[in-house]
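Engineer: With the input below, show me the fold.
(one chain, ligands or ions: 3)
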Amino acid sequence: MTKEAQFDRIIGIVTDSIGIGEAPDAAKFGDEGADTYGHINDFKGAGWQLPNLMKLGLGNIRADNPMLSLKPVAEPTGAFGKMAEISAGKDSMDGHWEMMGLPVLEPLGFFPHGFPQELLDKITAFSGRKCIVNKPYSGTDVIHDYGDEQLATGDLIIYTSGDSVLQIAANLAIIPLEELYKICEYARSLTRTAPYHVGRVIARPYTYIDKDHFTRTSDRHDYTLLPDGPTDLDRLQKAGIATYGVGKINDIFSGQGLDDGVHTVSNEDGMNQTIAQVKSDRRGFIFTNLVDFDAMYGHRRNPEGDAEALELFDKQLGELLSIMRPSDLLMITSDHGNDPTFKGTDHTREYVPLLAYSPSLQGGANLGIRSPFCDFGATVLDNFGVQQGEYGKSFLHELK
Ligand SMILES: O=P(O)(O)O[C@H]1O[C@H](CO)[C@@H](O)[C@H]1O
Ligand SMILES: [Mn+2]
Ligand SMILES: [Mn+2]
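Structural biologist: Numbering: from 1, shown residues only. Ligands and ions are numbered 1, 2, ... in the order given. Predicted structure coming up:
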């Protein structure tokens with residue numbers, strides 16, 4: 001370390017998929033008009049409030065194009081702004097890696113018509129199981145439509161989406177979790193490089209009664225690529241700053257650059273785990289991903305569910321704010337949009353919100369529009385006096 005850290009601890013929270021309006025390049029993705037926060041607010045109507053987020057300055061981010069009732073406040077206690085992504089894709093890996101200084105500039109492999117038969121044949125030879133479906137699908141619809149067939153045949157349900165993902169859904173009574181993980185690891189080993197270069201292989205276990213009664217379990221596992229260069233997590237780790245991942249963070253970075261962490265079963269659990277860390281003596285960087293917004297509501301196009309999840313997050317945020325010390329900095333952002341009122345079931349290319357708060361700051365700094373997302377990680381590095389990589393500009397000195 002080259003200087004004394006301004007904050008002992010930085011807590012970074014990613015509200016997975018909660019965007020704040022179409023990004024400048026939304027048209028390239030067919031996502032003009034997407035607005036996760038704004039449209040959830042429209043759906044809930046004029047009385048809807050998220051008191052703790054609003055106090056920090058959530059509404060102030062959109063002072064130029066105010067949301068229905070998530071309005072700017074006169075004296076926000078946090079710094080506020082929004083960020084635009086430069087990565088070629090709009091998936092979680094793109095968003096998180098870019099936040100940590102490594103934009104994914106080469107588009108990853110994308111299979112809108114399904115994966116080549118050759119790949120499926122290898123998976124079948126390895127697993128002894130036939131592969132069915134093999135096209136873009138909603139992960140709950142695919143179980144509804146093919147769960148009975150899997151129950152009868154033991155075939156593997158393979159599907160993809162608008163992202164660079166190969167997902168394998170498995171009824172746990174037919175394909176035990178260990179077997180599913182092994183098959184996914186094998187699929188991962190086949191798809192790291194061209195011609196596949198798939199961003200993520202995702203194990204999707206579920207329990208099944210019938211096509212209208214099934215539950216996807218929290219044993220979901222994401223197998224990403226190894227970051228192809230150092231991320232800010234590696235830079236922190238190398239400098240001796242502790243790094244801790246909560247929720248999906250460890251999966252997203254394949255564990256690289258993370259000292260330690262914890263898997264979670266829900267957003268609520270993720271916030272409780274974060275709060276427990278903040279109550280402890282831990283120092284360094286705590287990095288939390290809250291995935292329910294995305295997996296349970298955004299892709300399901302369920303604005304009511306998303307709204308309730310935001311209300312719960314806001315409530316738990318209140319608890320977190322109340323226990324933070326003057327030497328803590330909290331930064332809240334998202335990795336991409338997933339407007340639950342938009343067409344289709346995919347992520348949406350949006351700005352992501354940026355809020356920063358510490359009890360030792362006066363608040364009210366307008367951080368404006370930041371791009372790329374790398375400014376987030378650059379700020380963490382700057383705080384701990386760690387030299388940054390090629391991308392990103394710290395906003396540490398803009399906090400007041
Ligand atoms: O529809 P489900 O299975 O939730 O899958 C979604 O989750 C993936 C990862 O976010 C996305 O690419 C999309 O396919
Ligand atoms: Mn995501
Ligand atoms: Mn998603």
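
Engineer: can we go C-alpha only for contacts and neighbour counts from here?
Structural biologist: OK.

Engineer: so when I look at N134, I'm seeing a strand, right?
Structural biologist: Yes - counting by DSSP: H, G, I helix; E, B strand; the rest coil, N134 falls inside a strand.

Engineer: what's the neighbour count on V142?
Structural biologist: V142 has 18 neighbours, counted by other Cα atoms under 10 Å.

Engineer: State the pLDDT value of it.
Structural biologist: Per-residue confidence (pLDDT) for V142: 98.

Engineer: Report the contact partners of it.
Structural biologist: I157 (Cα atoms under 8 Å, 6 or more residues apart in numbering).

Engineer: Secondary structure element holding it?
Structural biologist: Using DSSP states H and E, the element containing V142 is helix 139-153.

Engineer: neighbours around the closest residue to ligand 1 within the stretch 301-400 of the chain, how many?
Structural biologist: Per Cα to the nearest ligand atom, D346 is where the stretch 301-400 of the chain lies closest to ligand 1, at 6.3 Å. Residues lying near D346 (other Cα under 10 Å) number 24.

Engineer: Test my guess that it contacts T160.
Structural biologist: No - the criterion here is Cα atoms under 8 Å, and D346 misses it with T160 at 10.7 Å.

Engineer: Tell me where the stretch 301-400 of the chain has helices.
Structural biologist: In the stretch 301-400 of the chain, the helices defined using DSSP state H, counting those that start in this stretch lie at 303-323, 374-383.

Engineer: The stretch 51-200 of the chain now?
Structural biologist: Counting by DSSP H, counting those that start in this stretch, the stretch 51-200 of the chain has helices at residues 51-56, 92-99, 117-127, 139-153, 177-190.

Engineer: Output those as CSV; include the columns distance to N250.
Structural biologist: Shown next, in CSV, are these (distance: least, Cα to Cα, whole Å):
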stretch, distance to N250
helix 51-56, 26
helix 92-99, 11
helix 117-127, 26
helix 139-153, 22
helix 177-190, 16
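
Engineer: separation between the closest residue to I61 other than its chain neighbours and P353?
Structural biologist: Nearest non-adjacent residue to I61, counting by Cα to Cα, 6 or more residues apart in numbering: G81, 5.3 Å away. Remark: distance between G81 and P353 (Cα to Cα, to the nearest Å) = 6 Å.

Engineer: Which of those two has more residues huddled nearby?
Structural biologist: Higher neighbour count among G81 and P353: P353, with 27 against 22, using other Cα under 10 Å.

Engineer: State the distance from the residue nearest to the more buried one when sequence neighbours are not counted to ligand 1.
Structural biologist: Once flanking residues are discounted, P353 sits nearest to K82: 4.5 Å by Cα to Cα, 6+ apart. Per Cα to the nearest ligand atom, to the nearest Å, K82 is found 21 Å from ligand 1.

Engineer: OK, contacts around K82?
Structural biologist: I20, I61, Y351, V352, P353, L354, L367, G368, I369, R370.

Engineer: Just the ones in strands from the residues you listed, please.
Structural biologist: Taking DSSP state E, the ones among the contacts of K82 that sit in strands are V352, P353, L354, L367, G368, I369, R370.

Engineer: want to throw those into TSV with pLDDT and distance to D306?
Structural biologist: Output for the ones in strands among the contacts of K82, formatted as TSV (pLDDT from 0 to 100; distance: Cα to Cα, whole Å):
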residue	pLDDT	distance to D306
V352	99	16
P353	99	16
L354	99	19
L367	98	26
G368	98	26
I369	98	25
R370	98	25
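
Engineer: which of those residues tops the neighbour count?
Structural biologist: Most surrounded of these: other Cα under 10 Å gives V352, at 33 neighbours.

Engineer: Wait, that one touches I332, no?
Structural biologist: No - taking contacts as Cα under 8 Å, V352 lies outside contact range of I332: 9.7 Å.

Engineer: Check the contact lists of these two and give me the overlap.
Structural biologist: The contact sets of V352 and I332 do not overlap (Cα under 8 Å, 6+ apart).

Engineer: how about the residues of this protein near ligand 2?
Structural biologist: When proximity is defined by Cα under 5 Å from the ion, the chain lies next to ligand 2 at D16, S92.

Engineer: By mean pLDDT, flag the weakest helix or strand of the chain.
Structural biologist: The weakest-scoring helix or strand in the chain, judged by mean pLDDT, DSSP states H and E, is strand 221-224 (a mean of 94).

Engineer: hmm, back to that, okay, and the common contacts of G81 and P353?
Structural biologist: Shared contacts of G81 and P353 (Cα under 8 Å, 6+ apart): I61.

Engineer: returning to that earlier point: max pairwise distance over the contacts of K82: which two?
Structural biologist: I20 and L367 (15.0 Å; Cα to Cα).
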